[in-house]
Each structure stands twice: as C-alpha cells, then as structure tokens.
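Colleague: give me a 3D structure for the following:
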Amino acid sequence: MHTIEKKSIKKGWAGAIAEPAKEFPLTQLPILSGKIPDGLRGTLYRNGPARLERGDDCVGHWFDGDGAILGVHFTDAGVTGVYRYVQTAEYEAETKADRFLYGVYGMHTPGPIWKRWGQQMKNAANTSVLALPDKLLALWEATNPYALDLETLETKGLDDLGALDNGLPYSAHYKRDPDTGEIFNFGISIGSSVQLNLYKSDACGGLRQPTGKIIQKAAFKLDRYSIMHDFVLTQRYLVFFMPPMRMKMLSLMLGMTTFSESLLWEPQLGTQVLIFDRENLSLVSRGETDPWFNWHFGNGYEDEDGSVILDVVRYSDFQQTNEYLREIATGETHTVPKGRLWQVRLNPQTAKVTATQEVINRRCEFPVVQRSQVGQPWRYTYVSLMRQGTDTGEELFGAIARFDYKTETLTEADLGENRYPSEPIHAQDAQNPEQSWVLTVVYDGNSHSSEVWVFDSDRLDTEPVCKLGLPSVIPHSFHGTWNPASALPLRFP
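Modeller: This is a model prediction of the structure:
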C-alpha cells in the first residue's frame, strides 16, 4: 500500500483526485454560458476511477480506483446530470469494511503474502462504457462487465452477455459497426495457457439496435502474455498489435509482485500483428513489426488496394507510460511518456507493415472518431493533447484537438492554465447532418469545479458554444461514449 500526503499535491490537476468523488442524483444542470444546441439530443456517459483511497491507504496505480459513471442527458426539457459509483460486489464489501480488501492492477491483496495466492482481482469497473438499448455496461479488462440503468445509473449486477462463462474477460474497447450494428470485442484470459478470446454480438431487428448478446466467439492461443488494450475493426478484419512484453507469471501467482510489476518490456521480441476475419473470427495472418507499445487506436479501414490503414498512439516502450499512470494516483508526476499519433499501413494477407508515418508530433492520447465512421474511411481524428510548453511530465492534458487527414492540419482547443479536459467525444447533430459537436468534461483547478463543455466540431479553436455546471468535482476519467437520442429505446405508457 501507499499513502498520499495531501501536502505533496502541487499541480492544479491533482485537486480532482485529492479526495474520493461525491455522487449526485439526477440534477438539472445550470447553463454557465452559451446555449444548448437544438440538435444535441442524447446522453454523454463517462467512466473513470473516482476513489483512489480508503482511510490512510492509497491505491498503487491509477488503474486501481473504483469506477464511477457520469451521465449527462440532453433533452428538449433541458440537461440533467447524474454521477454514481458502480456498486460492484467488491466495492460494497470495501465500503462496509472501510478499507481495501482486494488486489487490483497495481496493488496486492492486503495482509500476509500467503493470503495473496490465487486471489482474483477486484472488478474496478472503471474504464469505459457500452450503451445498449436497455442498459449501460461499465467495462474494464479482467472479467465480466456490470450493467446499469441508462437513466439513473443504478447498478443492476454482473452481465455475462449470454456467453461470458466463468467470468471470461470482456475488454473496455469494443467496436460497433455503424452499418450492421454488430459489436465486436475481445478479452485476454490467463489459465493453463494465455488466450485471446474474440466476441461478436448481434444486431437486433430492422432498427439494427444491438442487444449485446454474444452470438459468436472464438479463442486463439498466444505464445505469451502482453497487454492488448484495444484493436481495430475494418470492413473485413479485426486487427491486433501485441507489444513485445512478457509476464513474470510465477511471481504474480505467488503474490510476490503486483500485476503491474510483473510485466516485462522485451523489445527484442518485436510487435506481433494478428489479423482475424470478422465473419468467422478465424486467423487470417500473423506477422511481426518494429517494437512499440500502444494503448489506443483511433480507427482503421481497407483502402482500394486492400491495404489496412489505421492510426494509433505509439510509445517507444511500456515502462514510461505505465510509470506515469502510476504517478497520477499520487497527485504528482515526473515521467514523460512520449506518445505520438501515427498512421500505419499494412497488408492484411501477410500481416506485414508496409509504411508508417508520424501524424501529430506532440504528446497526445485518447484518439476517437465519429461513431458513424468506425471501420470506414474517415477524415478527422480527435485527441487529447498537451498544451504548448507544458510537456514536462508534471502536467496532464490541457487541450483537445482535431487532426484533418485531408488538409494535414491540427485544430486545437487550449483550455487555459489549470483546466483539464477529458477525452473528446464526437456527437452528431440530430437535426442537421452537416453539423456535429465535441463534448468534454473539464476539471477547473482554478475554481476546483467540474463542467461540461460543448464545442462546434468545425470550430474547436473558438469558445465553446455551451458550458454546463456540475454539482461536484468529477475526477479525471478514462473513456466515454455519446448515445444519441435516436438510439434510446422507445418507452410506451
């Protein structure tokens, strides 16, 4: 265990995690400036670690914090917000005991080493969300998701989507095909062997609204464990990059190291490229390319010549980014992870990378695209970005930006000193197909408050069209989604 001394907090961003987040029920949100766009109708959901301490103990890594969901509902009657912790079984047990009881990514199960043997990790439910017609899923990496009510965010319980037997993992980074409604995802399980599990979920009826029920799955044996946090969906393929890593499996199982500490960076192994057929989930090709690490992809598609083109935030190694993320939980960072957005071209029949090009030569993360263009040719990638002159390792992202592949230009929204946005989320206007918006949750370290900012997607470098106040501080989160009103279930009296 580690202890945060509050007096060590120096940077404005650290105020957002200085104490556990406070929930609030469905609440009308005040408009601080501007006007809510008439065509912005739907819900913004965000998920992230909201409690990083219990008593005098702090989590060992940012990934260990208990997940809490923010829901911001844009309706004709105005905007309401709700913020609730995911009531996992482990969260409830630790709340009752008022202390940590479980190990997670960067922390051991408390107590003597023999208590750690064979212990399952806590389900932190803190990484992302999947909005389905009848429920919201709180996602993380290592086991089943939790289902919540779409409006109130009341926790319903674990959800196996009809096929996640024995706690099979369901990753935070699903991909939803905008044309078919199918949802693809994966999870890595560790047992007698390391397996990459692939899942395809159904598209429901003429409305093409997926229920999330898994209708097809496959398992592929890997030759070692490596972090694969995300993947790429194209018109015909699922594309995975497996960074050059190994795990000290024995020391992890014996409780001598945390999951994070057991991960080894071994660049001599090279990065494996795995291509699967999205129709039958079979392996198409397997190759190798230069060593790099990545958490997140932006998007991918197949060009006219059959090549797969994708973009990805690349790091030269794993240790720097992992250490930086560990430091965030302490309220003070020093490490500089050098993530940059790259475009990659590869031959899916051979899994050979044929070209790479750096796209944004500044530290960035959380690349996202318009929901309707997932797996399709696209023009814009949105990212979180370091403000100019702040990339010293002591700051968090203070800007969001849009890269235009057609003009090769970067349009940036610099939020100003001590203001920190979440991952930018694209929202299509419900009335005008030519109009779209970018939403982000902002922590203002100057006033110790959180707000929702809405930008015109074509004018990111101008003032937001609307700012909304939130009742309490929302800690820095990982991932979110926009659920358009047209995707909500019909409610009959």
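
Colleague: check contacts around residue 161.
Modeller: Contact analysis of residue 161 by CB atoms under 8 Å, 6 or more residues apart in numbering lists 144-145, 170, 199, 201, 212-214. The C-beta positions use only the backbone N, C-alpha and C, and glycine is treated the same way.

Colleague: what sits against the closest residue to it other than its chain neighbours?
Modeller: Sequence neighbours aside, residue 214 is the residue nearest to residue 161 in space, at 4.8 Å (criterion: CB to CB, 6 or more residues apart in numbering). Contact partners of residue 214, counting by CB under 8 Å, 6+ apart, are 161-164, 199-201.

Colleague: could you do residue 388 as well?
Modeller: Under the contact definition (CB under 8 Å, 6+ apart), the residues listed for residue 388 are residue 414.

Colleague: export stretch 87-96 as PDB, just CAs?
Modeller: Output of stretch 87-96 as PDB, limited to C-alpha atoms (Å, rounded to 0.1, in the frame of the first residue of the first chain):
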ATOM      1  CA  GLN A  87     -21.800  -0.900  -7.000                       C
ATOM      2  CA  THR A  88     -19.600  -3.900  -7.600                       C
ATOM      3  CA  ALA A  89     -19.600  -6.700  -5.000                       C
ATOM      4  CA  GLU A  90     -16.000  -5.700  -4.100                       C
ATOM      5  CA  TYR A  91     -16.900  -2.000  -3.800                       C
ATOM      6  CA  GLU A  92     -19.700  -2.800  -1.400                       C
ATOM      7  CA  ALA A  93     -17.500  -5.100   0.700                       C
ATOM      8  CA  GLU A  94     -14.800  -2.500   0.900                       C
ATOM      9  CA  THR A  95     -17.300   0.200   1.700                       C
ATOM     10  CA  LYS A  96     -18.700  -1.900   4.600                       C
END
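
Colleague: who's in contact with that stretch?
Modeller: Stretch 87-96 is contacted by residues 54, 66-67, 85, 100-102, 122-125, 146, 155 when judged by CB under 8 Å, 6+ apart.

Colleague: gap between that stretch and the chain center?
Modeller: Taking CA atoms, centre = their mean, to the nearest Å, one finds the center of stretch 87-96 at 23 Å from the center of the full chain.

Colleague: buried ones in it, by neighbour count?
Modeller: Of the residues in stretch 87-96, those scored as buried under the neighbour-count criterion (16 or more other CB atoms under 10 Å) are 87-88, 90-91, 94.

Colleague: which ones among those are found in helices?
Modeller: When helices are assigned by DSSP state H, the members of the buried residues of stretch 87-96 inside them are 90-91, 94.

Colleague: how many other residues sit next to residue 361?
Modeller: Neighbourhood size, residue 361 [other CB atoms under 10 Å]: 9.

Colleague: if we ignore the residues flanking it in sequence, what's nearest it?
Modeller: Here the residue nearest residue 361, using CB to CB, 6+ apart, is residue 340, at 6.2 Å.

Colleague: could you point out which element follows the worst-scoring helix or strand of the chain on mean pLDDT?
Modeller: Taking mean pLDDT, DSSP states H and E as the measure, helix 249-253 is the helix or strand of the chain with the lowest mean score, a mean of 85. Secondary structure here is assigned by DSSP states H and E; on that basis, the next helix or strand after helix 249-253 toward the C-terminus is strand 263-265.

Colleague: in its sheet, what does that following strand sit against?
Modeller: Each strand pairing with strand 263-265, determined using DSSP bridges, is listed with its direction: strand 245-247 (antiparallel).

Colleague: hey, where'd the helices end up in the protein?
Modeller: Taking DSSP H as the criterion, the chain contains helices spanning 89-97, 249-253, 319-328.

Colleague: want to throw the buried residues of stretch 87-96 into CSV with distance to residue 276 and pLDDT?
Modeller: Rendered in CSV, the data for the buried residues of stretch 87-96 read as follows (distance: CB to CB, whole Å; pLDDT from 0 to 100):
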residue, distance to residue 276, pLDDT
87, 35, 98
88, 31, 98
90, 33, 96
91, 35, 97
94, 38, 96
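
Colleague: can you put these in TSV and add distance to residue 18?
Modeller: As requested, the buried residues of stretch 87-96 are arranged in TSV below (distance: CB to CB, whole Å):
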residue	distance to residue 18
87	24
88	23
90	23
91	20
94	20
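
Colleague: if we can go back for a sec, inside strands: which ones of the contacts of residue 161?
Modeller: 199, 201, 214 (DSSP state E).

Colleague: what about the stretch 1-150 of the chain, any weak spots by pLDDT?
Modeller: 1-10, 114-119 (pLDDT under 70).

Colleague: hang on, the earlier thing: drop anything exposed from the contacts of residue 161.
Modeller: So, of these, 144-145, 170, 199, 201, 212, 214 end up buried under the neighbour-count rule (16+ other CB under 10 Å).

Colleague: out of these, what pair is the most spread apart?
Modeller: 144 and 201 (13.9 Å; CB to CB).

Colleague: rounded mean pLDDT for stretch 464-472, please.
Modeller: Mean pLDDT, stretch 464-472: 98.

Colleague: let me redo that: stretch 164-183
Modeller: 94.

Colleague: quick one: end-to-end length of it, please.
Modeller: Stretch 164-183 has an end-to-end distance of 15 Å (criterion: CA to CA, to the nearest Å).

Colleague: now do stretch 300-319: distance to the chain's middle.
Modeller: Distance, centroid of stretch 300-319 to centroid of chain: 18 Å (CA atoms, centre = their mean).

Colleague: pull out the buried residues from that stretch.
Modeller: 300-302, 307-318.

Colleague: got it, and stretch 131-148?
Modeller: 131-133, 135-148.

Colleague: among the residues you listed, which lie within strands?
Modeller: When DSSP E is applied, these are split such that 131-132, 135-139, 146-148 fall in strands.

Colleague: still on that earlier bit, turn the helices of the chain into JSON lines, including distance to residue 292.
Modeller: Shown next, in JSON lines, are those (distance: least, CB to CB, whole Å):
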{"stretch": "helix 89-97", "distance to residue 292": "34"}
{"stretch": "helix 249-253", "distance to residue 292": "23"}
{"stretch": "helix 319-328", "distance to residue 292": "11"}
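
Colleague: for the ones you listed, which one sits closest to residue 397?
Modeller: helix 319-328 (11.4 Å).

Colleague: okay, buried residues for the closest one please.
Modeller: By neighbour count on 16+ other CB under 10 Å, the buried set for helix 319-328 is 320-322, 324-328.

Colleague: got it, and stretch 271-284?
Modeller: For stretch 271-284, burial by neighbour count (16+ other CB under 10 Å) applies to 271-276, 278, 281, 284.

Colleague: show residues contacting that stretch.
Modeller: For stretch 271-284, the external contacting residues (CB under 8 Å, 6+ apart) are 184, 196, 198, 200, 216-218, 220, 226, 233-234, 236-244, 285-292, 308, 346, 348-349, 351-353.

Colleague: ditto for stretch 303-317
Modeller: Looking at what lies outside stretch 303-317 - CB under 8 Å, 6+ apart - the contacts are 232, 234, 237, 239, 241, 265, 267, 275, 292-302, 321, 337-349, 354, 359, 364-365, 367, 381, 383.

Colleague: now list the buried members of those residues.
Modeller: Among these, those that count as buried by neighbour count (16+ other CB under 10 Å) are 232, 234, 237, 239, 241, 265, 267, 275, 292-302, 321, 337, 339-348, 359, 364-365, 367, 381, 383.
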